[in-house]
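**Student:** Below is the sequence, then the predicted model.
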Amino acid sequence: MPVPKGARIDPAETQTRLLDSAERLFADRAMHSVGVNEIAAEAGASKLSLYRYFPSKAELAARVVARRSDHIHEWLRRETADAEPGPGRVLAIFDLLIDWFSQPRYRGCAVLNTVTDLRGDDEPQVRATARSHLDSYRDLLRTRILDAGVTDLPRADSLARQLLLLIEGATAVSVVDGEASSAGSDARKAAEILLSMAL
């Protein structure tokens with residue numbers, strides 16, 4: 001809804017509406033199929049306002065991806081913090097993701113979907129944010145693995161990378177297979193075996 005004539009514009013609130021609208025539209029459709037005019041209209045803002053806060057669509061996409069990544073990792077840490085210490089706290093991440101994969105409107109990881117939507121285009125801001133997203137996953141897994149009792153740091157690093165591959169593989173397969181997918185459960189079983197071997 002456009003701002004009434006004479007009303008004051010709150011820059012922070014406008015930016016939030018633009019980010020919210022872009023995130024919704026990018027989640028519903030591929031990033032390349034959403035134009036800046038549509039994002040601005042959805043947010044009740046002008047195209048000029050959009051470009052005032054986000055100099056390019058790529059920068060807007062990078063901000064959307066960064067915000068989504070922060071939300072995902074805050075959610076993972078919060079929801080698994082009280083899990084049983086040891087291997088159980090590592091596997092709690094998989095349990096939470098399995099529940100997420102089974103949601104009716106689950107469409108995969110919004111962060112990696114955005115990178116896929118680039119289709120080979122060179123958008124360094126978006127790619128850098130996605131790399132940071134994967135680094136945050138590895139950091140969380142590494143911390144939980146060390147807390148579980150794997151004391152060898154190179155082994156913990158290697159295991160964190162392997163578990164991340166299981167997570168991202170299960171994420172992709174769950175999108176293709178839909179609600180009936182067992183990819184999350186299969187990934188959890190493989191993670192449990194790898195943890196057991198490392199310990």
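**Tutor:** Now that the structure is in, tell me what you want to look at. Numbers count the residues shown, from 1 in each chain.

**Student:** Please make it C-alpha for all contacts and neighbour counts, starting now.
**Tutor:** Fine.

**Student:** Tell me which helix or strand comes right after the lowest-mean-pLDDT helix or strand in the chain.
**Tutor:** Scoring the helices and strands of the chain by mean pLDDT, DSSP states H and E places helix 110-117 at the bottom, with a mean of 78. Later in the chain than helix 110-117, the nearest helix or strand by DSSP states H and E is helix 124-148.

**Student:** got a list of contacts for that following helix?
**Tutor:** 58-59, 61-62, 65-66, 69, 73, 77, 85-87, 89-90, 111-112, 114-115, 153, 156-157, 159-161, 163-164 (C-alpha atoms under 8 Å, 6 or more residues apart in numbering).

**Student:** ChimeraX command for the buried members of these?
**Tutor:** Applied in ChimeraX, the following selects the buried portion of the contacts of helix 124-148 according to 16 or more other C-alpha atoms under 10 Å:
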select :58,59,61,62,65,66,69,87,89,90,111,112,114,115,156,157,159,160,161,163,164
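
**Student:** Take the contacts of helix 124-148 and keep only those in helices.
**Tutor:** Secondary structure defined by DSSP state H assigns 58-59, 61-62, 65-66, 69, 73, 77, 87, 89-90, 111-112, 114-115, 153, 156-157, 159-161, 163-164 of the contacts of helix 124-148 to helices.

**Student:** Go ahead and confirm Phe101 touches Ser174.
**Tutor:** Yes - here Phe101 reaches Ser174: they are 6.3 Å apart, a contact under C-alpha atoms under 8 Å.

**Student:** Spit out the residues that contact the two alike.
**Tutor:** 108, 184.

**Student:** what about the two, which has more around it?
**Tutor:** Phe101 (27 against 22; other C-alpha atoms under 10 Å).

**Student:** got the contact list for the more buried one?
**Tutor:** Shown in contact with Phe101 (C-alpha under 8 Å, 6+ apart): 108, 171, 174-175, 179, 184.

**Student:** hmm, try it at 10 Å
**Tutor:** Counting by C-alpha atoms under 10 Å, 6 or more residues apart in numbering, Phe101 makes contact with 95, 107-109, 170-175, 178-184.

**Student:** wait, what's in contact with the residue lying closest to Arg63 once chain neighbours are set aside?
**Tutor:** Closest residue in space to Arg63, ignoring its immediate chain neighbours: Leu19 at 7.6 Å, by C-alpha to C-alpha, 6 or more residues apart in numbering. Going by C-alpha under 10 Å, 6+ apart, Leu19 touches 13, 25, 39-40, 43, 50, 54, 60-61, 63-65, 67.

**Student:** Out of these, who's the most crowded?
**Tutor:** That'd be Val65 among these, by other C-alpha under 10 Å, with 27 neighbours.
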